[in-house]
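Peer 1: no sequence for this one, just the structure:
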Ligand code: NAD
Ligand code: AKB
């Protein structure tokens, strides 16, 4: 039986996608890889983990051969704020890495999951009910790599018959691993700071509206699109998916339902604010709903309740050590 290779597996998504895939397909069939060294606690013999730099084509070829890989979840990338700080590196990792993944998939007949983003849209995209097919002229290097990635995946599907699939994820909220240098990181930080300190200084303006999603829904989207029947997929590489459209102020209000004294002040970071201002406010994800029955489970209230209780449990566990 073939296995599933995850690149960038130690990041915000990979830290939860790997356990979810292992629960579904078996621990030893999911190979967690990252540029960072996998911690020894996670590297037990029955939980295969490996070092892999996706910009090194040879490392990918060796891993796919060694582990008999049939599917690659390609998560390794620089996120929007990190990418803007190092655009040349972002191109090298985001595009060079994806090209290597697609080439190895072409050579060995692997399926590929590629996570695109709301970052693949730009200021000239319609901001509300953003259609599945619309103007994509992003102004951040991250967005340039995401829209180029969508196109490259389409090309490999039509030209070489590689089974590439993907979704355009919104900002993800989660409590297992810290977010890795994105514009929407403020949402995660707000929950963590609410539980730990009762206050947070937000780097995005109070009224900036963006799509967000709780991690359990994002994991479902990533697994569901890979399991969908190929003949149902009209837009295989880049389905809009969303769960809620929120602002820093609405998240803070939702947190105050549980922590009434929570205080938020604002010190806006112009770079991340400009990126946020260039993104849609609310995606239309009806194509994903129609084609593969996409339906998120968590709205803002449900996510807030779950996030706060998980973070409180984790904090209590740390304090009791
Ligand atoms: P992250 O920054 O948390 O994790 C990325 C991982 O990639 C890190 O563990 C890093 O060590 C690794 N990495 C970096 N360079 C590498 C290289 N050369 N080779 C191998 N590994 C390398 O990112 P994430 O939030 O887990 O996002 C994963 C993917 O999902 C990215 O493509 C991102 O653009 C996309 N995405 C994420 C979000 C989100 O809110 N988290 C939203 C939309 C799209
Ligand atoms: C980021 O903010 O860069 C990511 C994303 C929405 O792609 N969270």
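Peer 2: All right, it came through fine. Here the structure is a predicted model, which is why all the values come from computation and not from measurement. Numbers count the residues shown, from 1 in each chain. Ligands and ions are numbered 1, 2, ... in the order given.

Peer 1: quick one, phi psi at the closest residue to residue 292 other than its chain neighbours?
Peer 2: Closest residue to residue 292 apart from its sequence neighbours, by C-beta to C-beta, 6 or more residues apart in numbering: residue 228 at 3.9 Å. From N, CA and C alone the C-beta is placed, and that goes for glycine too. Residue 228 has phi and psi values of phi -70, psi 150 when expressed as degrees, to the nearest 10.

Peer 1: Please enumerate the strands of the stretch 201-321 of the chain.
Peer 2: Along the stretch 201-321 of the chain, counting by DSSP state E, counting those that start in this stretch, strands occupy 210-214, 239-240, 244-246, 263-266.

Peer 1: so which of those is the most packed in?
Peer 2: Comparing these by mean neighbour count (mean count of other C-beta atoms under 10 Å), strand 239-240 comes out on top with a mean of 28.

Peer 1: on contacts alone, who are the packing partners of that one?
Peer 2: Using 3 or more C-beta pairs under 8 Å, 6 or more residues apart in numbering; DSSP states H and E as the contact test, the elements touching strand 239-240 are strand 164-169, helix 286-292.

Peer 1: Which among these is found nearest to ligand 2?
Peer 2: Minimum separation from ligand 2 across the helices and strands packed on strand 239-240 (C-beta to the nearest ligand atom) falls at strand 164-169, 6.3 Å.

Peer 1: Cross-check the contact I'm expecting between the residue nearest to residue 292 and residue 294.
Peer 2: No: at 9.4 Å, residue 228 and residue 294 do not qualify as touching, with contact defined as C-beta atoms under 8 Å.

Peer 1: which of the two has more neighbours?
Peer 2: residue 294 (23 against 18; other C-beta atoms under 10 Å).

Peer 1: How about the more buried one, nearest residue that isn't a chain neighbour?
Peer 2: Spatial nearest neighbour of residue 294, chain neighbours left out: residue 288 (3.7 Å); criterion: C-beta to C-beta, 6+ apart.
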